[in-house]
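Asks: Fold the following for me, if possible:
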Amino acid sequence: MSDFSKEGTRRSGKAGDITLNYYEAGEARAEIGAGLPLVMLHGGGPGASAWSNFGPALPHFASSFRTLLVDQPGFGQSDKPDVVGNYYRHSADYVVKLMDELGVEKAHLLGNSLGGGTAMRLALTYPDRVGRLVLMGPGGLSLNLFHADPTEGVKRLMDFSGAPSREALRAFISTMVVNQALVTDELVEERFADATAPGAQDAMRQMGMSFWNPATAEDGMLWREAHTLRKHTLLTWGREDRVNPLDGALVGLKTIPKAQLHVFPNCGHWAQIEAAAEFAEITTAFLARHVERSAS
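Replies: All right, here's what the predicted structure looks like:
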């Protein structure tokens with residue numbers, strides 16, 4: 001029987017001058033998605049990590065793909081180097097170096113929020129390394145046409161960053177989901193521990209500043225480059241997303257040549273948790289249709 005526990009799947013690998021933590025399970029199947037591995041990239045809220053975002057989904061995806069859940073630089077158990085330039089590019093460059101270390105020539109990417117921005121930047125910069133993309137309420141690509149910025153979820157993230165507390169973290173997490181029963185004491189404690197671990201607050205501050213500093217913020221406006229993305233892209237959104245609201249999907253859907261959109265009803269920013277079964281079914285079917293040819 002496969003071990004899908006946190007410690008049973010935990011690995012680490014060199015990514016250039018740093019070490020990234022990741023979780024791995026499953027084997028590639030040539031008949032599914034051209035046998036490419038699947039790299040999953042988590043969001044950027046306080047205490048976010050690969051396991052907190054995607055751990056419960058690992059058994060499903062590992063049944064079809066060699067699946068790697070990666071703690072992005074500055075998060076989880078990965079190293080926390082100074083952020084150079086915009087965070088999406090900073091992280092994408094390190095993820096590619098980890099792929100090099102692991103002998104992963106090409107992979108499908110699935111990214112949530114911050115991880116969606118990283119996945120898109122990686123696909124734009126290293127197109128030969130990417131099969132298909134699943135972008136879940138992605139940062140950078142999401143452009144709010146009708147909602148004010150910052151959104152409710154981002155405001156609560158900023159509240160936590162200004163004065164970290166369990167109460168502020170609970171308020172932030174409550175914006176992630178419609179079903180408030182998912183905001184458990186255990187989840188709050190787990191994420192609070194990660195959010196206040198040594199180096200985590202400074203890493204979060206540097207990540208955030210890369211989107212506010214005029215010198216680096218423009219590089220994170222991925223919606224301006226969306227028309228150049230040539231990958232088959234599945235945009236997924238929770239209809240009640242209070243972090244990156246649904247109207248943020250429209251520019252990407254219009255401008256990415258091979259984009260499609262799936263909206264989950266009664267669902268917030270964490271479709272992989274709040275609509276777990278449907279999310280897994282739809283994304284797996286989309287990735288499985290990939291066929292390797294000269295132009296993906």
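
Asks: Where does pLDDT dip in the stretch 1-150 of the chain?
Replies: 1 (pLDDT under 70).

Asks: quick one: the strands in it?
Replies: Remark: strands assigned in the stretch 1-150 of the chain by DSSP state E, counting those that start in this stretch are 10-15, 18-25, 38-41, 67-70, 107-112, 130-136.

Asks: Need these in TSV (columns: mean neighbour count).
Replies: In this view, the C-beta of every residue, glycine as well, is placed from N, C-alpha and C. Shown next, in TSV, are the strands of the stretch 1-150 of the chain (neighbours: other C-beta atoms under 10 Å):
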stretch	mean neighbour count
strand 10-15	16
strand 18-25	21
strand 38-41	29
strand 67-70	30
strand 107-112	29
strand 130-136	27
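
Asks: would you list those in JSON lines and tack on distance to Gly268?
Replies: Shown next, in JSON lines, are the strands of the stretch 1-150 of the chain (distance: least, C-beta to C-beta, whole Å):
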{"stretch": "strand 10-15", "distance to Gly268": "28"}
{"stretch": "strand 18-25", "distance to Gly268": "24"}
{"stretch": "strand 38-41", "distance to Gly268": "19"}
{"stretch": "strand 67-70", "distance to Gly268": "21"}
{"stretch": "strand 107-112", "distance to Gly268": "12"}
{"stretch": "strand 130-136", "distance to Gly268": "11"}
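
Asks: For Val154, which of those is the nearest?
Replies: strand 107-112 (15.0 Å; C-beta to C-beta).

Asks: and the closest one, what does it pack onto?
Replies: strand 38-41, helix 114-125, strand 130-136, helix 276-288 (3 or more C-beta pairs under 8 Å, 6 or more residues apart in numbering; DSSP states H and E).

Asks: Of these, which is nearest Glu105?
Replies: Taking the helices and strands packed on strand 107-112 one by one with C-beta to C-beta, strand 130-136 is closest: 10.6 Å.

Asks: now for the closest one, which elements pack on it?
Replies: Short answer (3+ C-beta pairs under 8 Å, 6+ apart): strand 130-136 packs on strand 107-112, helix 114-125, strand 233-238, helix 276-288.

Asks: among the ones you listed, which is the most enclosed?
Replies: Sort those by mean neighbour count, taking mean count of other C-beta atoms under 10 Å, and strand 107-112 sits at the top with a mean of 29.

Asks: and that strand, how far out from the chain's middle?
Replies: 7 Å (C-alpha atoms, centre = their mean, to the nearest Å).

Asks: residues in contact with it?
Replies: 33, 36-43, 53-54, 65, 68, 99, 117-120, 122-123, 129-138, 269-270, 272, 283, 287, 290 (C-beta atoms under 8 Å, 6 or more residues apart in numbering).

Asks: residues contacting the most centrally placed residue in the chain?
Replies: By C-alpha atoms, centre = their mean, the chain has its centre lying nearest to Gly115, at 2.5 Å. Applying C-beta under 8 Å, 6+ apart to Gly115 gives the contacts Met40, Leu41, His42, Gly43, Gly44, Asn53, Gln72, Met136, Pro138.

Asks: before we move on, the earlier item: output the helices and strands packed on strand 107-112 in TSV, with distance to Gly153 appended to each entry.
Replies: Below are the helices and strands packed on strand 107-112 laid out as TSV (distance: least, C-beta to C-beta, whole Å):
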stretch	distance to Gly153
strand 38-41	18
helix 114-125	12
strand 130-136	14
helix 276-288	19
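
Asks: From Glu189, how far off is the residue nearest to the residue nearest to the centre of the chain when sequence neighbours are not counted?
Replies: Excluding the flanking residues, the one nearest Gly115 by C-beta to C-beta, 6 or more residues apart in numbering is Leu41, at 3.0 Å. Per C-beta to C-beta, to the nearest Å, Leu41 is found 24 Å from Glu189.
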